[in-house]
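Undergrad: got a predicted structure plus its sequence, pasted below:
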Amino acid sequence: MVEYQTKFPIPKDNQKNRIYIYQAYFWRDHGDTIIGLRRSSGGILKNDDGYGVYRDQRLLPTVIYDDKNLGYNLILNKIRSRDTDKFYWTKGSQPESSPPIFNYQLKNNELRLMRIDTIWSRWD
């Protein structure tokens, strides 16, 4: 996650008053565990069911979506509480654009980059 955050940092110039947060999604696909990483500029909704917001000296604000506990070897402590309300999106429709989404396959506790989905050419 830290490598992805370094590659796609939160913009210093936030003229559109976006709420930036990183998201990690865990799901199963044909028996494999897949992890998707993305940076959202639309914060999270109040009824969001992710874990976090996680952040420390290295990790920027991050929410994890893993209700089936697929990342049990990667996530040390799942928390549901949000440290503040400042990540809640309350301005109507959330912005849809985001930097490329990286999808990894988790096999034998190793991550293998499967695909990079680039949907938008401009995202900030």
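TA: Received it, and whenever you're ready, just let me know what you need. Numbers count the residues shown, from 1 in each chain.

Undergrad: quick one, strands of this protein?
TA: Counting by DSSP state E, one finds strands in the chain at the ranges 21-29, 32-40, 51-54, 62-65, 101-107, 110-117.

Undergrad: looking at these, which is closest to Q94?
TA: Between Q94 and those, the shortest gap by Cβ to Cβ is with strand 32-40, which sits at 7.6 Å. The way it works is simple: take the backbone N, C-alpha and C, and place the C-beta from them, glycine included.

Undergrad: can you redo the strands of the chain as TSV with distance to N77, mean pLDDT and mean neighbour count?
TA: Formatted as TSV, the strands of the chain follow (distance: least, Cβ to Cβ, whole Å; pLDDT from 0 to 100; neighbours: other Cβ atoms under 10 Å):
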stretch	distance to N77	mean pLDDT	mean neighbour count
strand 21-29	14	94	19
strand 32-40	18	94	19
strand 51-54	9	87	22
strand 62-65	11	92	21
strand 101-107	19	92	17
strand 110-117	20	91	11
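
Undergrad: want to throw those strands into a markdown table with distance to N73?
TA: Converted to a markdown table, the strands of the chain look like this (distance: least, Cβ to Cβ, whole Å):
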| stretch | distance to N73 |
| --- | --- |
| strand 21-29 | 11 |
| strand 32-40 | 10 |
| strand 51-54 | 15 |
| strand 62-65 | 13 |
| strand 101-107 | 8 |
| strand 110-117 | 10 |
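
Undergrad: can you say which of the ones you listed is nearest to P9?
TA: strand 32-40 (8.6 Å).

Undergrad: so which elements touch the closest one?
TA: Packing partners of strand 32-40 (3 or more Cβ pairs under 8 Å, 6 or more residues apart in numbering; DSSP states H and E): helix 2-7, strand 21-29, strand 101-107.

Undergrad: angle of the second one against strand 110-117?
TA: Between the axis of strand 21-29 and that of strand 110-117 there is an angle of 110 degrees, by axes from the mean of the first three to the mean of the last three Cα atoms, to 10 degrees.
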